[in-house]
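**Student:** Requesting a structural model of the entry that follows:
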Amino acid sequence: MYLPRSLISTLYLHLQRTQHPQSPPVLILVALEPDALCGCRILTRLLKRDYIAHKIQPIAGYGDLEKVGQNVVRPMMESQGGSGGVVVCLGVGGMVDLGGLLGIDNDEDEINFGGVEVWVIDARRPWNLGNIFGGTPRLPAVEGDEVPKLQGVEGGKILQNYKPGKGGIIVYDDGDIEEDLDKERDAYLALMDMPEIEDDDNESDGGQTESEDEAEDIQPRPGQKRKSWSDREEEEESSDDEERPHQRRKSNSSSPIPDSPSRPRQRGLLSLSGPPDGVAGSRSVSPSPAQAPKAPSARKLRRRLRKLRLKNETVLQEYYGLGASYSEPISSMMYSLASELGREDNDFLWMAIVGVTSMELYGRSSVGVAVSSQKSTSPSGWLGTRGSRIRQLLRDEVRRLNPPELTDTSFNVNRNLLPENSGIIPTTAQGPQDNSIRLSPEPKFLLIRHWSLYDSMLHSPYLSARLHIWSDSGRKRLHKLLAKIGVSLVQCKQNYTHMDMDLKRDLRTKLLKYSEIYGLDDLVPSADTDGRDRGGTKEGWGFVKSWGWRATLSAQDVGVVVGAILEVGNEAVNSLQGGNFDRSRESRELTDEDGALEGEEWVGRFWDAYDSLEKIDKLKAALPTAQHLHRAILRTGTSLIEKRQIRHLRAFRMAVVKEGPDVALFTHPAALTKLALWVGEAIAEQEKESKGKLSHGGRGTPLVVAGLNENRGVYVIVGTGGGGGGATGFGDKTAAKEKKEKRETKAKARELKKKNKEIIKQQKREARRKAAGDDEEDEEDETESEGSESESDDDEEDEDDEASKAKGFGRNKFGNAFQEVVEETNARVRIDSFEHCVVEVKKEDLAGFLESLSMKGVVG
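**Tutor:** Numbering: from 1, shown residues only. Next up, the predicted model:
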């Protein structure tokens, strides 16, 4: 089931009304990522204000989620002795069949879910269609074997009269389901209502075609569990004895795979073992028995049903095959919930801002995990038009919740003297009690308030890609830029907060003056975005929050630091301060074959990151860890490019990180993703400089980066998109409007062409009347009209093909490609991450895995 955006507060208000001291606590399952972490902070503060008991459970991957389902969620079911309850999934399981994975929707149970209601808030796409159009509780059958219909649910959509409490899976819709999934909904519901096809012994001798046999073998399921390496031998032995469904994809990993829906048992539908009574009874009876129409045979009905089922299966498979993408962030959805409840404040707003900003840091866009090759403020940037709309809403909220002081002196004098209104990024609070959020013209530098200007520019992914920082000529180009803006190397290497005030005041103006020379158009917000009035859009401006005199940080700073805590760990902070940080020694203490101990270590880091969002001192103490991580990214990325270790395969470029001082640092998938984005952006800029555009038809060159985990004997592999195709991503209403106008223009052109043909035909008709008969004339007219219609049909087909290409154009399809490689090879693979472009491969199987992967389509 899915909850429309307009009813986003319905379930929470019902929970608030029905909760009492004896109610089971709300279980919150949180993914280990900054966006989910910020969304969890917002939700827990709402629950605390309403005195609702809750428990937070960090989830490292699909294996961890399945374990929590069996040990924690399933015992909550009423059939298992529990009392039901609410489970909230933040960034967890939106792409898989949650009912089966958590163990609360098994076919063996007469009544599924058992009062357990699962709320799903996730930004990853594609959705598992079984969650949004299925996921309804199976109610006991009444007299006559009729299955009662759940009130308040229509086609998977929750209506105003829905009464929670019976259990089920409820997906929070950010608008995409209602707007974009009509075709998939119709196909899914049609499959759910189709009767089972019973085998007939008379047709087993070959009366069916091969395609029909394949269609009959299809037993759709929303998802299945992936096997780990330890289960591989058992899977191979059982594969010979058991008949595998045609549409079920094989995997030897530990995560479930979305697939087609399975029909519930006992729906009271007619059987097709013989001529159905309903078919004959529905036809009109002729007065004469000899003229009665013959009812279609059971064999013919089965063929029709197989054909219809295969058609609907194809619709669902096309949806899953579009590739990965991202929609509205979790933290933004949680802030919308708080706003609907009338409880928005600066703390909630700051969590939403940090969560949205972190999505950009990890390259999560409308085309999946991909490099940022376009301006973030353009309609084709991060999340397209939707991303621009979200950022503008956040800026409006900042102005609303942080109004200026209205005293005469502050309004007339101090207001125009504020640093941000003078083009200076604020580095200190306005007073000891200042906890406000402000807009700031943030340059695309990294941790500039906590680093020197030189280091901040040196480690900026934006500048590194465009100035070629990895080379000596790139470093010289950086030095020339600093010289042009009037900052000496001595001055720029001291802490930014201690730099001369005149230099900081003129920095933005000079950067705007010289940035175009170096192709840095998006380096700082342009001057026309300033706007002395507070109602200005300030497109491209960042967000800054103060904690009195203790600290002033930007949202990007917080996102970078929180991410570093999750990827490197809080123990590294103390080691770095002592000067004896050894990541490899720390890893040797946690050697395990299946990654269970490593997952426990990551879960432990979750609590450090969770506390740092609330306690500013812990966040400041982790700044050295973030700096250490980005120094390692610069060193490793520079080494890969300078030593020409990036190879160009058929479908993508690839790099392997297996030696150097920072190898152990990139065993975490998120850290390896940041490295891949750094290298990928550099490659994309090289392509645009040499060819004038992105390769692969504007999609950009995908990149695969493998990091060696020596202790476990595996390679962690990340696949990133090339950065093209963002303009045609979902949620881009501008692109949709342009396509509609283009179709209307073509329609008008066809109409004009048709009128011209009519005039020509009329002239020919007059000429033929003098020389030929009417029969030839009619035949000629008919021929011309048929040709006209065929041309029109061809144009419409071209438009449909163009629209289908645009829907998935440029999307990251590494998750689909990984699944295909698993089916075709014997590589020992583990797909446990919620990020489906991340996979683990045994060290010995890497070469064969990459060779097979190079033959797949990895970008839409």
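**Student:** and the gap between the closest residue to Lys618 other than its chain neighbours and Ala555?
**Tutor:** Ranked by C-beta to C-beta, 6 or more residues apart in numbering and with sequence neighbours excluded, the top spatial neighbour of Lys618 is Ser612, at 4.4 Å. From N, CA and C alone the C-beta is placed, and that goes for glycine too. Between Ser612 and Ala555 the computed distance is 14 Å (C-beta to C-beta, to the nearest Å).
**Student:** just Ala123 next, same as before
**Tutor:** 17 Å.
**Student:** now do Val657
**Tutor:** 29 Å.
**Student:** likewise Lys770?
**Tutor:** 81 Å.
**Student:** Between the two, point out the one with more neighbours.
**Tutor:** When neighbours are counted by other C-beta atoms under 10 Å, Ala555 comes out ahead of the other of Lys770 and Ala555, with 23 against 6.
**Student:** Looks like the more buried one contacts Val562 (just checking).
**Tutor:** No: using C-beta atoms under 8 Å, Ala555 is not in contact with Val562; the gap is 10.6 Å.
**Student:** between the two, what contacts are shared?
**Tutor:** When contacts are counted by C-beta atoms under 8 Å, 6 or more residues apart in numbering, Ala555 and Val562 have Val354 as shared neighbours.
**Student:** Touching, Asp500 and Gln491? I think so.
**Tutor:** Yes: at 6.9 Å, Asp500 counts as touching Gln491 under the criterion of C-beta under 8 Å.
**Student:** What is the longest helix along the chain packed up against?
**Tutor:** The residue-count maximum for a helix in the chain (DSSP state H) belongs to helix 733-771. Contacts defined by 3 or more C-beta pairs under 8 Å, 6 or more residues apart in numbering; DSSP states H and E place helix 733-771 against helix 384-401, helix 774-808.
**Student:** next one: that helix to chain centre, how far?
**Tutor:** With C-alpha atoms, centre = their mean, to the nearest Å as the basis, helix 733-771 stands 42 Å off its chain's centre.
**Student:** Could you check the angle that helix makes with helix 384-401?
**Tutor:** Orientation check (axes from the mean of the first three to the mean of the last three C-alpha atoms, to 10 degrees): helix 733-771 against helix 384-401 gives 140 degrees.
**Student:** Just give the number of residues close to the nearest residue to Pro75 once chain neighbours are set aside.
**Tutor:** Leaving aside its sequence neighbours, Pro75 sits nearest to Gly82 (C-beta to C-beta, 6+ apart; 5.4 Å). Neighbourhood size, Gly82 [other C-beta under 10 Å]: 16.
**Student:** Verify the stated contact: Gly82 with Gly114.
**Tutor:** Yes: using C-beta under 8 Å, Gly82 makes contact with Gly114 at a distance of 7.1 Å.
**Student:** got any residues that touch both of these two?
**Tutor:** Met76.
**Student:** that older thread, relative to His54, how far out is the residue nearest to Pro75?
**Tutor:** In terms of C-beta to C-beta, Gly82 sits 16 Å off from His54.
**Student:** so which helix or strand takes in the closest residue to Trp470 other than its chain neighbours?
**Tutor:** Computed as C-beta to C-beta, 6+ apart, the closest residue to Trp470 that is not its neighbour in sequence is Thr638, at 4.0 Å. If you go by DSSP states H and E, Thr638 is part of helix 623-642.
**Student:** Ok, Thr136 next?
**Tutor:** Assessed by DSSP H and E, Thr136 sits outside every helix and strand.
**Student:** Can you verify my assumption that it contacts Tyr162?
**Tutor:** No: taking contacts as C-beta under 8 Å, Thr136 lies outside contact range of Tyr162: 10.7 Å.
**Student:** who touches both of those two?
**Tutor:** Between them, Thr136 and Tyr162 share the contacting residues Val153, judged by C-beta under 8 Å, 6+ apart.
**Student:** ranges for the helices of the stretch 51-200 of the chain?
**Tutor:** 62-68, 98-102, 129-132, 176-180, 182-193 (DSSP state H, counting those that start in this stretch).
**Student:** So which of those helices is the most surrounded?
**Tutor:** Across these, the average number of neighbours (mean count of other C-beta atoms under 10 Å) peaks for helix 129-132, which reaches a mean of 28.
**Student:** So which elements touch it?
**Tutor:** Under the contact criterion of 3+ C-beta pairs under 8 Å, 6+ apart, helix 129-132 touches helix 98-102, strand 168-172, helix 182-193.
**Student:** Select, out of those, the one closest to Gly599.
**Tutor:** Minimum separation from Gly599 across these (C-beta to C-beta) falls at helix 98-102, 16.3 Å.
**Student:** Using PDB, write out the CA atom coordinates for that closest one.
**Tutor:** Listed next in PDB are the C-alpha coordinates belonging to helix 98-102 (Å, rounded to 0.1, in the frame of the first residue of the first chain):
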ATOM      1  CA  LEU A  98       9.900  -6.400   2.900                       C
ATOM      2  CA  GLY A  99       7.100  -8.700   4.000                       C
ATOM      3  CA  GLY A 100       9.000 -11.800   3.000                       C
ATOM      4  CA  LEU A 101      12.400 -10.500   4.100                       C
ATOM      5  CA  LEU A 102      11.200  -9.600   7.600                       C
END
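**Student:** list the helices and strands that helix packs on?
**Tutor:** helix 62-68, strand 116-121, helix 129-132.
**Student:** State whether Gly707 is indeed within a helix.
**Tutor:** No: going by DSSP: H, G, I helix; E, B strand; the rest coil, the assignment for Gly707 is strand, not a helix.
**Student:** The nearest residue to it once chain neighbours are set aside: what's it in contact with?
**Tutor:** Closest residue to Gly707 apart from its sequence neighbours, by C-beta to C-beta, 6+ apart: Phe666 at 4.0 Å. By C-beta under 8 Å, 6+ apart, the contact list for Phe666 reads 632, 636, 657, 672, 675, 707, 716.
**Student:** ok, now with 7 Å
**Tutor:** By C-beta atoms under 7 Å, 6 or more residues apart in numbering, Phe666 lies in contact with 657, 672, 675, 707.
**Student:** Looking at Asp500 and Gln491, which is more packed in?
**Tutor:** A count of neighbours by other C-beta under 10 Å puts Gln491 above the other of Asp500 and Gln491, at 16 against 11.
**Student:** backbone phi and psi for that one, please?
**Tutor:** Main-chain dihedrals, Gln491, degrees, to the nearest 10: phi -70, psi -40.
**Student:** Give me the below-cutoff pLDDT ranges for this protein.
**Tutor:** 107-111, 140-147, 198-293, 373-384, 405-423, 528-536, 572-595, 695-698, 723-740, 772-806 (pLDDT under 70).
**Student:** Cross-check the contact I'm expecting between Leu520 and Arg466.
**Tutor:** Yes: between Leu520 and Arg466 there is a contact under C-beta atoms under 7 Å: 6.0 Å.
**Student:** These two: who's more crowded?
**Tutor:** Per other C-beta under 10 Å, whichever of Leu520 and Arg466 has more neighbours is Arg466, with 24 against 19.
**Student:** Secondary structure element holding that one?
**Tutor:** helix 461-467.
**Student:** so what does that helix touch, helix or strand wise?
**Tutor:** helix 472-484, helix 669-691 (3 or more C-beta pairs under 7 Å, 6 or more residues apart in numbering; DSSP states H and E).
**Student:** which residues are in contact with the first one?
**Tutor:** Surrounding helix 472-484, the residues in contact under the criterion C-beta under 7 Å, 6+ apart are 457, 467-469, 489, 492, 514, 518.
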